[in-house]
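**Q** My questions concern the predicted model and sequence given below.
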2 protein chains.
Amino acid sequence: MKSEIRILGLDDAPFSFSDSSTDVIGVIMRGNHYIEGVLHDVITIDGTDATSTCEHMIAKTRHAMQLKAILFDGATMGGFNIIDIDQIWEKTKIPVITVTRKKPDFEKIQLALQGHFSDWKNRLDLLEKGSLQKIRTAHNPLFIKYKGITLAEAKEIITLATIRGAVPEPLRVAHVIASGISRGESYGKA
Amino acid sequence: MKSEIRILGLDDAPFSFSDSSTDVIGVIMRGNHYIEGVLHDVITIDGTDATSTCEHMIAKTRHAMQLKAILFDGATMGGFNIIDIDQIWEKTKIPVITVTRKKPDFEKIQLALQGHFSDWKNRLDLLEKGSLQKIRTAHNPLFIKYKGITLAEAKEIITLATIRGAVPEPLRVAHVIASGISRGESYGKA
């Protein structure tokens, strides 16, 4: 795999209780260092529009044809607005990887969903799609799901997209931008 | 000079006739590749708050003590909201460089200012502060002004902060983010 492949990282902005929507930032990087473009859209907090909004962001960018992978920070955005990674793969035919540093606790998530949403079962089904894999990186283990590629390819993409710490650069930079816009100054995850 | 120095690039977002304010994005990079942080604030279009807003962004970032230079895309933001680079240097004691690819046409600028602002003379005086220097880069000449460093240091900072094209990375990335946020997808300058 070439080290200069284009990868899109998508992350949401931090929000507060009084907000009804939040920003989604997409960062297209070549390999792990050169920023090609930045995408922006808005989703509803605890809504059901994250999948379609992200699909739309991917479909309309002029970089779409060059993208070799789409990275998400887990499969939720804007609270419990859940990303259907199978559907994003089906619609875009670009491989999708979700990355988290902590292993999701599905029992806890189920309780939270049941307490807040009449459609909790749908949301839980979406979240439980795909098999979670623990992979080793230079520093820490990561938990990933992937669609449209092999585990070996997913690992290779994560390795080539990461400079330091555990988070691939397109996701780290998307987070830095999203939190900078929302708060005036970014606070990173490393 | 170390190649890993921290540099802040500040740029405004594109805006339309109906807007009264626009976003200012700051990008703090280590050398030409690693994004340390993103800053965000808002200025008035054709207002007089660009200098104080940028000062405030610089003063409050937790990276302030590490910054070795502040780069601007010319000395105007949000239309004719003019940046007083002398004042930013006086207040922050961080060297300031303005960078443009075209030589500013001060006669044309004066006419535009006279047609729109009762305080046009103040704005023109700010814009005419400092001496404009033409420098050679790998691709194209750049026109710069600088305060708080020597011409040789300013050139060195621009060279180490640039990957390709003429625009130093902190400014290029600030522009990509600002235009991505404003338009949904960024359109670069290269």
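**A** Received the coordinates, thanks.
**Q** ok, which residues in chain A are in contact with chain B?
**A** With C-beta under 8 Å from any C-beta of the partner chain as the criterion, chain A meets chain B at residues A:23, A:25, A:33-35, A:37-41, A:57, A:60-62, A:163, A:173, A:176-177, A:179-186, A:188. All C-beta spots, glycine's among them, are computed from the backbone N, C-alpha and C.
**Q** Please find the angle between the direction vectors of the longest helix belonging to chain A and helix B:169-183.
**A** Longest helix in chain A by number of residues (criterion: DSSP state H): helix A:169-183. Using axes from the mean of the first three to the mean of the last three C-alpha atoms, to 10 degrees, the inter-axis angle of helix A:169-183 relative to helix B:169-183 is 70 degrees.
**Q** Report all helices and strands that helix A:169-183 contacts.
**A** Where contact means 3 or more C-beta pairs under 8 Å, 6 or more residues apart in numbering or on different chains; DSSP states H and E, helix A:169-183 is packed against strand A:6-12, strand A:21-30, strand A:67-73, strand B:21-30, strand B:34-44.
**Q** Please state the offset of the longest one from the chain centre?
**A** By that I understand strand B:34-44. 12 Å (C-alpha atoms, centre = their mean, to the nearest Å).
**Q** Give the next helix or strand downstream of that strand.
**A** The C-terminal neighbour of strand B:34-44 among helices and strands, as given by DSSP states H and E, is helix B:50-60.
**Q** looking at the helices and strands packed on helix A:169-183, which is closest to residue B:102?
**A** strand B:21-30 (21.0 Å; C-beta to C-beta).
**Q** looking just at contacts, which helices and strands does the closest one meet?
**A** Judged by 3+ C-beta pairs under 8 Å, 6+ apart, strand B:21-30 is in contact with helix A:169-183, strand B:6-12, strand B:34-44, helix B:50-60, helix B:169-183.
**Q** As CSV, the helices and strands packed on helix A:169-183 with distance to residue A:127, mean neighbour count and mean pLDDT would be great.
**A** Shown next, in CSV, are the helices and strands packed on helix A:169-183 (distance: least, C-beta to C-beta, whole Å; neighbours: other C-beta atoms under 10 Å in any protein chain shown; pLDDT from 0 to 100):
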stretch, distance to residue A:127, mean neighbour count, mean pLDDT
strand A:6-12, 16, 26, 98
strand A:21-30, 18, 24, 97
strand A:67-73, 12, 23, 97
strand B:21-30, 33, 24, 97
strand B:34-44, 29, 21, 96
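**Q** Which stretch among the ones you listed approaches residue B:156 most closely?
**A** Comparing the helices and strands packed on helix A:169-183 under C-beta to C-beta, the one sitting nearest is strand B:21-30, at 15.5 Å.
**Q** Could you tell me the angle between the closest one and strand B:6-12?
**A** Angle, strand B:21-30 to strand B:6-12, by the same axes, to 10 degrees: 160 degrees.
**Q** Strand B:21-30 pairs with which strands, and in what direction?
**A** strand B:6-12 (antiparallel), strand B:34-44 (antiparallel) (DSSP bridges).
**Q** CA atoms only for that strand, dumped as PDB, please.
**A** Provided in PDB are the C-alpha atoms of strand B:21-30 (Å, rounded to 0.1, in the frame of the first residue of the first chain):
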ATOM      1  CA  SER B  21     -19.000  38.900  10.800                       C
ATOM      2  CA  THR B  22     -16.600  36.100   9.800                       C
ATOM      3  CA  ASP B  23     -14.500  33.400  11.400                       C
ATOM      4  CA  VAL B  24     -10.800  33.700  12.200                       C
ATOM      5  CA  ILE B  25      -8.900  30.400  12.300                       C
ATOM      6  CA  GLY B  26      -5.500  30.000  13.900                       C
ATOM      7  CA  VAL B  27      -3.400  26.900  13.300                       C
ATOM      8  CA  ILE B  28      -0.400  26.100  15.500                       C
ATOM      9  CA  MET B  29       2.100  23.800  13.800                       C
ATOM     10  CA  ARG B  30       5.300  22.300  14.800                       C
END
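**Q** Now do that strand against strand B:67-73, angle only.
**A** For strand B:21-30 against strand B:67-73, the angle by the same axes, to 10 degrees is 140 degrees.
**Q** if we can go back for a sec, out of the helices and strands packed on helix A:169-183, which is closest to residue B:8?
**A** strand B:21-30 (5.2 Å).
**Q** got the angle between that closest one and helix B:50-60?
**A** Angle between the axes of strand B:21-30 and helix B:50-60 is 40 degrees (criterion: the same axes, to 10 degrees).
**Q** Adding distance to residue A:89, write the helices and strands packed on strand B:21-30 out as TSV.
**A** TSV is the format used below for the helices and strands packed on strand B:21-30 (distance: least, C-beta to C-beta, whole Å):
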stretch	distance to residue A:89
helix A:169-183	17
strand B:6-12	35
strand B:34-44	28
helix B:50-60	40
helix B:169-183	24
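**Q** Nearest to residue B:101, out of those?
**A** helix B:169-183 (10.8 Å).
**Q** Excluding chain neighbours, what is closest to the residue nearest the centre of chain A?
**A** Nearest to the mean C-alpha position of chain A, by C-alpha atoms, centre = their mean, lies residue A:72 at 1.2 Å. Counting by C-beta to C-beta, 6 or more residues apart in numbering or on different chains, residue A:72 lies nearest to residue A:98, which is 4.6 Å off, once chain neighbours are set aside.
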